[in-house]
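Asker: only geometry, no sequence info:
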């Protein structure tokens, strides 16, 4: 066994894990972060995308012990006070999902993309999410959602990353 200390969604954890335990399995099975999905176990689909020290990674390709001392953010950790992150809101508004299986990883990748490029054009969005597969949509609504979120997250816009927007249907 090896000890791993991580901060996940703002909470500190210290656990003994098998050295071969993948981060995705640690998050899901030990911490109950089931929004991080297992899609392929080969890093091809991106359903398991999380942020590790602020950068998107496919958690099926990272050992839990490699995350020792790191900060991990999962899809469960991006909403604040019951309010969706602007990218989550945009995916909802632009109908950027069908079955929803790819959605958590796609959203996490989109947030990372927008951190690097706050105003991407269509080509840049497609390139930025190319490691995340969606088998249901034609990606067009996903691209629209990412661009919509980019506009909302601009300084002075309606919603910024640190000022989440209300949850849809939240009883205005």
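Answerer: Sure thing, it's come through. A quick note: this is a predicted structure, and the numbers were derived from the prediction, not measured. Numbering: from 1, shown residues only.
Asker: Could you use CA atoms for every contact and neighbour count after this?
Answerer: Fine.
Asker: Checking the spatially most central residue of the chain next. Helix, strand or coil?
Answerer: Central residue of the chain (CA atoms, centre = their mean): residue 108, 2.1 Å from the mean position. Of the three states, residue 108 takes helix according to DSSP: H, G, I helix; E, B strand; the rest coil.
Asker: Identify the residues contacting it.
Answerer: Residues in contact with residue 108 (CA atoms under 8 Å, 6 or more residues apart in numbering) are 49, 50, 51, 56, 74, 75.
Asker: and the two most separated of these?
Answerer: Largest separation among the contacts of residue 108 by CA to CA: 56 and 75, giving 11.5 Å.
Asker: list residues touching both of those two?
Answerer: Common contacts of residue 56 and residue 75 (CA under 8 Å, 6+ apart): 50, 108.
Asker: How about the contacts made by the residue lying closest to residue 55 once chain neighbours are set aside?
Answerer: Nearest residue to residue 55 in three dimensions, chain neighbours excluded: residue 112, at 6.3 Å (CA to CA, 6 or more residues apart in numbering). Contacts for residue 112 were tallied using CA under 8 Å, 6+ apart; they are 51, 54, 55, 56.
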